[in-house]
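S.K.: Return atomic coordinates for the entry below.
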Amino acid sequence: MDARARVIALSPVPPACVLRYSSGMDIILVTTVIASLFLVIGLAEPLAARLRLPYSLILAVVGVLIGVGATFLLRTTLTDALNPVAEAILGLPIRSNVFLYVFLPTLLFQATLEMNLRRMLDDWVPILVLAVVAVVVATISVGYALSWASSLPLAACLLIGAIVSTTDPSAVVSIFRSISAPRRLARIIEGESLLNDAAAIALFGLFMGYVMLGLPNPTLSEALGRFPLLIAGGALTGWIAARLAVWVMSLFASHERAQISISVALPYLAYIVAEQSVGASGVIAVVTAGLTLNLTGPGRLPPQGWNSLLEVWGLLAHWAGALIFILAALLIPRLLEEVRLTDVALIGVVILAAVAARAVVLFGLMPLLTLLRASPVVERPYRAAILWGGLRGAVTLALALAVTESIRVPVEVKRVVGILATGFTLFTLIVQGSTLRMVIGWLGLDRLSPIDDALSRQVVAVALQTVREDVARTTENYDLSRDIVRSEAKRFGERLDGAVDAAEASADILDRDRITLGLIALAGHERDTILSRVRERTISARMAEQVLLDADQLIEGARSGGRSGYQRASKRSVAYGPAFLTAVALQRRLHLSRPLARMTADRFELLLSHRLVLRDLGAFIDSRIRRIHGRRVADLLHELLARRIEATESALEGLRLQYPGYAEELERRLIRRTALRLEEREYNTIREDGLIGAEVHTALQQDVLHRRAAAEVRPKLDIALQRAELVRQFPLFEGLDADALTRLGRALQTVYVNAGTVIVPKGSAADSVYFIASGAVELDSAGQTWRLGRGEMFGQLAILTRRARRAEVRAIAPSTLLMLDEARFRRLLSKSEALRDAVRKSAEKRGFDADVLLQPEKEASS
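M.R.: Next comes the predicted model:
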């Protein structure tokens, strides 16, 4: 194949370019065939829903039927009229490179864009272990089973094992979603399947190389030793490509189509560079590029542009996923042409070995991960459904096709690889795919739990009552016939009475369960409110992802832990995260202040966004939750909401005290963005009323866009200047001159602690004093406890008595502390009368003789 033909084979636009090089192929006929394939795609989805079968199974069956029909038309002597159509179908440029370089990057990239990446990171251990271990176990299991049952060399057997280890769990995931399975379970399955494909294709490349080089029995350690290099090279390539793409896309903020076009180029270029130039895994490069864009894109691109990008990629992936199944299925008759009886037996070996390998991972590894607290509990019925839902699809056929096309692979190996991969894929699609829904029903996963069933009855009753009131008002406005209104009202009343009776019959839901359901609904409404605020640009795109992540954690916490889980998630939303504490360490040890300044500004904006949303949730509790779950549950939810608002206000107040000027700037920015949103809405209303023309409206919109771009720029935070301002506001430092305050501001170190953190262990050496800038701490000594808040200090008595600390100090809220070492504290104590008075009061409160403690400092000051 020459260079030009190779480019055409890899092109994502098949019609015009390919046809020039197709011998005797009529462009009109081929265009008709391609258009017909899209027609099949459009009809397959509703057909699958009607037959209650997986969408991929319908596409595969249709593709096989098309391929068999075209082959029959060419070979039959009944008619020659349809031979051109059959030739056009069978002459489509279906090569393995088309699957691997065109369709596969599209599917992988879109899947990563749709992922909730931050929630995936919470489960990275089970996802990574399941994906990598599942592939390795399946490859080894199938490979050694075939090596024992056939005369094939071990390298070829392991190659087959890598080919059949890729899974297509789309059917089981879609059914899980339809029955409201836990989101965390669906995330684990999707993440596992994505990395599963990447790992399997990387192993395929390794064993394919051994087969082509004629190494019959490679050592497994040698093969797996190269595996990390493929992964690392692909990950680095994808990350660099995505960072460059995001940087270029951010330059075109007002050109939505340009951004989408760059995103379309990204996965293909990352795949080709990784495969052809770096010699690494192109699949890993695409996955990494997608994850990087997923993580950084929402904060760098306008919200509308990001949503449009996701919609375009959703459509591209839908087409690519359907075409890859249909075109791969067209190959099945060709791959099974030389099947023998012994091959059928080997297909059975592959089936048994692959299913056994997957069962080991699901029923051996997953319970072990749960026991080690690295994975959520996955009930046995779900694991059984995942086992039976391990369908294989187009990726398996594409890898098998790549083997059959290679001239350096022995003929017998190519024949067996094509037959075994195709036979195993057909088994999973036809046998497992067609019975998957039945198996899920047999496992009881398609039925609501008793609590959800009772809840649904009450929701219906409440909804029908609301509908009856709305319909009554509507009929009065329309002045309809009274007889008709009376007849329909009677009919609707009978339905409402039946719903109320059913709700009363199932009213035995425990208050604990009602609270859980109410919290899930409240967190879900919070998420919807956040999305609405993001669309209105009240919450910036930079913060949207983190605020949505906090809402997702609230939903997941309520689902898994009820009231306590919801409270734990709400506390995490205002706590200092690992990234923030890492930035603090960098500033303290390496004097790198930029990460801490950025993280502090992010925390400011995050808390403001939380406060904005939380104040809107009370109305939802009164209007919706109270009607379904009753006053008692609603009052409890109001109490929990009030605690969240209080914690958010406390954390925000602490930041205001530390950085007073910056808080004002952020609030001004919020007001300006709100005003711009209202101004834009007013212009649109005036335009819809016909009061201004398109030209005037466009000019006004351009002016709003220009001012919005300026309002979106977040003010910079200078930590050093803000700390000096904080020191000046401390009552304990009154009486110090400006130079002393400046030196003190440089000497103080900022310490951030979360609720429950032990700041000072009992018995530790006394070497520093802590001043509370925000938050609160609790001292526990000899069975007595004291609580200290903003403006107070602790640790000074241990220094003055020259003893080990006798009290344990623990934070009871996210707190910001200023730490001063012993030598500087003694010098400061000798200069500040206000500080000596504070020490005297705390000493008397704890039963110490203040005059004795302060005598050395008095002598030093005199």
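S.K.: Name the residues of stretch 37-54 that are buried.
M.R.: Under the neighbour-count criterion of 16 or more other CB atoms under 10 Å, stretch 37-54 has Leu37, Val40, Ile41, Ala44, Ala48, Leu53, Pro54 buried. Glycine gets a C-beta too; all of them are placed from N, C-alpha and C.
S.K.: what about the last one, distance to Ile430?
M.R.: Distance, Pro54 to Ile430, by CB to CB, to the nearest Å: 11 Å.
S.K.: you'd agree Thr750 is in a helix?
M.R.: No - assessed with DSSP: H, G, I helix; E, B strand; the rest coil, Thr750 is strand; it does not lie in a helix.
S.K.: Could you double-check that it sits in contact with Leu818?
M.R.: Yes - with contact defined as CB atoms under 8 Å, Thr750 reaches Leu818; the gap is 6.2 Å.
S.K.: so what's in contact with the two at the same time?
M.R.: Contact criterion CB atoms under 8 Å, 6 or more residues apart in numbering; residues shared by Thr750 and Leu818: Ala773.
S.K.: between the two, which one's more packed in?
M.R.: Each of Thr750 and Leu818 has its neighbours counted (other CB atoms under 10 Å); Leu818 has more, 22 against 18.
S.K.: List the beta-bridge partners for the more buried one.
M.R.: Thr750, Phe771 (DSSP bridges).
S.K.: who does the helix or strand harbouring Thr425 touch, helix- and strand-wise?
M.R.: According to DSSP states H and E, Thr425 maps onto helix 411-426. Judged by 3 or more CB pairs under 8 Å, 6 or more residues apart in numbering; DSSP states H and E, the packing partners of helix 411-426 are helix 154-163, helix 303-335, helix 341-360, helix 394-405.
S.K.: Any figure for the gap between Val696 and Leu269?
M.R.: Taking CB to CB, one finds Val696 at 43 Å from Leu269.
S.K.: Same question for Arg631.
M.R.: 60 Å.
S.K.: What of Thr674?
M.R.: 40 Å.
S.K.: thinking again about what came up before, what does the helix holding Thr425 rub up against?
M.R.: 60, 146, 150, 152-153, 156, 159-160, 163-164, 211, 331-332, 335-336, 338-339, 343-344, 346-347, 350-351, 354, 392-393, 396-397, 399-401, 403-404, 406, 409.
S.K.: if you count what's nearby, which of Arg631 and Leu269 comes out ahead?
M.R.: When Arg631 and Leu269 are compared for neighbours, Leu269 comes out ahead with 18 against 10, by other CB under 10 Å.
S.K.: Helices of the stretch 501-650 of the chain, residue ranges please.
M.R.: 511-535, 541-574, 578-590, 594-614, 617-620, 626-629, 631-658 (DSSP state H, counting those that start in this stretch).
S.K.: Show the pLDDT at Ala285.
M.R.: Looking at Ala285, its pLDDT is 91.
S.K.: For it, give me its contacts.
M.R.: Ala285 neighbours (CB under 8 Å, 6+ apart): Gly234, Ala235, Thr237, Gly238, Ala241, Ala270, Tyr271, Val273, Ala274.
S.K.: Export these as a markdown table, with columns for secondary structure.
M.R.: A markdown table is the format used below for the contacts of Ala285 (three-state DSSP):
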| residue | secondary structure |
| --- | --- |
| Gly234 | helix |
| Ala235 | helix |
| Thr237 | helix |
| Gly238 | helix |
| Ala241 | helix |
| Ala270 | helix |
| Tyr271 | helix |
| Val273 | helix |
| Ala274 | helix |
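S.K.: Quick one, which of those are buried?
M.R.: By neighbour count, with 16+ other CB under 10 Å, the contacts of Ala285 hold Gly234, Ala235, Thr237, Gly238, Ala241, Ala270, Tyr271, Val273, Ala274 as buried.
S.K.: which of these lies closest to Glu808?
M.R.: Nearest to Glu808 among those, counting by CB to CB, is Ala235 at 44.2 Å.
S.K.: Give me the neighbour count for the nearest residue to the closest one once chain neighbours are set aside.
M.R.: Of all residues not flanking Ala235 in the chain, Thr288 sits nearest, at 4.6 Å (CB to CB, 6 or more residues apart in numbering). By the measure other CB under 10 Å, the count of residues near Thr288 is 25.
S.K.: I'd like to know how far Thr288 sits from Val395.
M.R.: Distance from Thr288 to Val395, by CB to CB: 18 Å.
S.K.: gap between the residue nearest the centre of the chain and Gly191?
M.R.: Central residue of the chain (CA atoms, centre = their mean): Asn116, 1.1 Å from the mean position. Taking CB to CB as the criterion, Asn116 is separated from Gly191 by 10 Å.
S.K.: One more: Thr600?
M.R.: 32 Å.
S.K.: Thr816 belongs to a strand, doesn't it?
M.R.: Yes - assessed with three-state DSSP, Thr816 lies in a strand.
S.K.: Could you list which residues are in contact with it?
M.R.: Counted by CB under 8 Å, 6+ apart, Thr816 has contacts Gly654, Gln658, Thr750, Val751, Tyr752, Ile772, Ala773, Ser774, Gly775.
S.K.: State the pLDDT value of it.
M.R.: Per-residue pLDDT puts Thr816 at 80.
S.K.: for Leu236, same thing?
M.R.: 92.
S.K.: now for the helix or strand encompassing it, which elements pack on it?
M.R.: Element membership for Leu236, per DSSP H and E: helix 220-251. On a contact count with 3+ CB pairs under 8 Å, 6+ apart, helix 220-251 meets helix 183-213, helix 256-272, helix 282-300.
S.K.: how far away is Arg787 from Gly305?
M.R.: With CB to CB as the criterion, Arg787 and Gly305 are 50 Å apart.
S.K.: Show me which of these two is the more surrounded one.
M.R.: Per other CB under 10 Å, whichever of Arg787 and Gly305 has more neighbours is Gly305, with 23 against 10.
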